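K.L.:
pasting the sequence and the predicted coordinates here, then a few questions.
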Amino acid sequence: MRRASAPAEPAVRHTVTARSSASDFGLLLIRLTFGLLMAGHGAQKLFGLFGGKGLTATGQGFAALGYRPGKVFATICGLSEFLGGLGLALGLLTPLAAAALIGVMINAMATVTGAHGLWETDGGVEYSVCIAVVALAVAAIGPGRLAVDRLFRWGAGGWAAGAFALGLGGIAAAITLSL
């Protein structure tokens, strides 16, 4: 009597590879779009690019929010957005890049948008929450195979990478808000 043969192994491998490939390209699309937009947002603050006000005017805005000296905090914020965005776009030091963006968004929610409720149309936290959650999700999922981080042990994502990003971002935000 002959046994019934199992499905051919190559077909199973092909399906897994196709899904992995789509996942990797999906993560690349998210990382590039999200990361480059965040880098551009930071460049507005730092360099006055893309219709931004530049560091001096942004520093004055930060001072009006109670951050002293305003220009120093504007620089920290701009660098966090710029470098964090580039890091996510490249998939380079992904948990650290995510932490930078999470910390900035916690500060934005605490000082600017939190008093206005949820929706962006009312000046609320909607946009900041979305940025923080996408950054945290990319850290937890990992940047995918199409990333510089794939060469390093932290490149796989996971609970530890997500916890690191959220913890470091939260601690940095707490320190900044306490100053």
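P.N.:
Good, I have the coordinates.
K.L.:
mind listing what the spatially most central residue of the chain touches?
P.N.:
Nearest residue to the geometric centre of the chain (Cα atoms, centre = their mean): Ala135, 3.0 Å. Contact partners of Ala135, counting by Cβ atoms under 8 Å, 6 or more residues apart in numbering, are Phe34, Gly84, Leu88, Ala97, Ala98, Leu101, Ile102, Met105, Ala165, Gly169. All C-beta atoms are positioned from the backbone trio N, CA, C, and that covers glycine.
K.L.:
including pLDDT, neighbour count and secondary structure, could those go into TSV?
P.N.:
Converted to TSV, these look like this (pLDDT from 0 to 100; neighbours: other Cβ atoms under 10 Å; DSSP: H, G, I helix; E, B strand; the rest coil):
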residue	pLDDT	neighbour count	secondary structure
Phe34	97	19	helix
Gly84	98	29	helix
Leu88	97	31	helix
Ala97	98	29	helix
Ala98	98	29	helix
Leu101	98	31	helix
Ile102	98	28	helix
Met105	97	27	helix
Ala165	98	28	helix
Gly169	98	28	helix
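K.L.:
which one of the residues you listed is nearest Leu151?
P.N.:
Each of the contacts of Ala135 was checked against Leu151 using Cβ to Cβ; the closest is Ala97, at 15.6 Å.
K.L.:
distance of the closest one relative to Ala108?
P.N.:
Distance of Ala97 to Ala108, given as Cβ to Cβ, to the nearest Å: 17 Å.
K.L.:
before we move on, what about Ala74?
P.N.:
13 Å.
K.L.:
and these two? which has more neighbours close in?
P.N.:
Higher neighbour count among Ala74 and Ala108: Ala74, with 24 against 20, using other Cβ atoms under 10 Å.
K.L.:
residue ranges with poor pLDDT in the chain?
P.N.:
1-20 (pLDDT under 70).
K.L.:
and the helices in the chain?
P.N.:
In the chain, the helices defined using DSSP state H lie at 9-47, 54-64, 70-90, 94-108, 126-141, 159-178.
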